[in-house]
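A.B. asks: Dropping a prediction and its sequence here:
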Amino acid sequence: MNKTFLYILYGVLAVIILSVFAFTVFQPIQVLPRMQLAPAFNLTAQTNTPLTSEDLRGGFTLYTITYTNCPAPCYNINEIMQEVQSRLDEVPLGGIPVNFVTISIDPDRDTPEVLNTYAQSIGADTSNWWFATTTNKSLLKTIIGSGFETYYEDKGDGAFAFDPSFVLVDGWGIVRSEYRYVTEVSNADRILRHLGVLAEEVHNSTGSTKLAYEAAHLFLCYAP
């Protein structure tokens, strides 16, 4: 092996090491992690019409779970969803739609009619916010428990135990962030900031800059 080849090899290695160091320390581009695929589903919305995961492709979707008989304030789930929804104009989305989906874990009581009445009672803007569930309890458990990795349990007498959480999914159906009360305080400000980070990635990760975003994912330059 001649010296010229060694110099080239060492030079390439040095560039790679410096690049890793620069991305790790300076974080010129921040991204949200690609955590896992979100579950596919076919639910029934409060409008008594189907709501599928494919219907939501191409836009960002913020999911949460609850049930209409959850005692107030029910972890402020609705309040957080409403605040994020009402403040979307603060985020430079560049035309990317944002959807909101509340999945009920009580399909026996939360019929489409009940969900529709519930949405109206809390003043929900249903132009892009759906309340949905499925009577197939096994499928519901798979969607929420395995798909969104969120715990819930029917305690009987109309009561449920569950881990309050929000899950942010991108337009390709990939989970990009989770906000769980057991480990952190979830708030609208953080969710809105992450929506902005996602929108920036969608609009800017084309051509040569796509490589920079892939490097950001590789070197874990994640947005806090």
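C.D. replies: It's in.

A.B. asks: Break down the protein into its strands, ranges please.
C.D. replies: Using DSSP state E, the strands of the chain run over 36-37, 42-45, 50-52, 60-66, 98-104, 129-133, 152-156, 159-162, 165-169, 174-180.

A.B. asks: Adding mean neighbour count, distance to E90 and mean pLDDT, write those strands out as TSV.
C.D. replies: Any C-beta I mention is one placed from the backbone N, CA and C, and that applies to glycine too. Output for the strands of the chain, formatted as TSV (neighbours: other C-beta atoms under 10 Å; distance: least, C-beta to C-beta, whole Å; pLDDT from 0 to 100):
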stretch	mean neighbour count	distance to E90	mean pLDDT
strand 36-37	13	28	94
strand 42-45	19	27	98
strand 50-52	15	27	97
strand 60-66	23	15	97
strand 98-104	23	12	98
strand 129-133	24	18	98
strand 152-156	13	32	93
strand 159-162	15	30	94
strand 165-169	24	16	96
strand 174-180	19	18	93
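
A.B. asks: I'd like the ones you listed as TSV, with distance to H203 appended.
C.D. replies: Listed next are the strands of the chain as TSV, based on distance: least, C-beta to C-beta, whole Å:
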stretch	distance to H203
strand 36-37	23
strand 42-45	30
strand 50-52	26
strand 60-66	13
strand 98-104	14
strand 129-133	24
strand 152-156	36
strand 159-162	35
strand 165-169	17
strand 174-180	15
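
A.B. asks: So T150 is in contact with T66, correct?
C.D. replies: No - applying C-beta atoms under 8 Å as the test, T150 and T66 come out as separate, 10.9 Å apart.

A.B. asks: Find the residues that touch each one of these two.
C.D. replies: F162 (C-beta atoms under 8 Å, 6 or more residues apart in numbering).

A.B. asks: rewinding a little: which one of the strands of the chain lies closest to P112?
C.D. replies: P112 lies closest, by C-beta to C-beta, to one member of those: strand 42-45, at 5.8 Å.

A.B. asks: The closest one packs against which elements?
C.D. replies: In terms of contacts (3 or more C-beta pairs under 8 Å, 6 or more residues apart in numbering; DSSP states H and E), strand 42-45 is packed against strand 50-52, helix 112-121, strand 129-133.

A.B. asks: Make a markdown table out of those and add distance to G173.
C.D. replies: Below are the helices and strands packed on strand 42-45 laid out as a markdown table (distance: least, C-beta to C-beta, whole Å):
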| stretch | distance to G173 |
| --- | --- |
| strand 50-52 | 11 |
| helix 112-121 | 23 |
| strand 129-133 | 16 |
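
A.B. asks: I'd like to know how many residues surround the residue nearest to P112 when sequence neighbours are not counted.
C.D. replies: Closest residue in space to P112, ignoring its immediate chain neighbours: N48 at 4.0 Å, by C-beta to C-beta, 6 or more residues apart in numbering. A count of nearby residues for N48, using other C-beta atoms under 10 Å, gives 11.

A.B. asks: Let me see the backbone angles for N48.
C.D. replies: Backbone torsions of N48, given as degrees, to the nearest 10, read phi 60, psi 30.

A.B. asks: who's in contact with stretch 105-122?
C.D. replies: By C-beta under 8 Å, 6+ apart, stretch 105-122 touches 44-48, 65-69, 78, 82, 104, 126, 129, 131-135, 137, 140, 144, 152, 154, 158, 160, 162.
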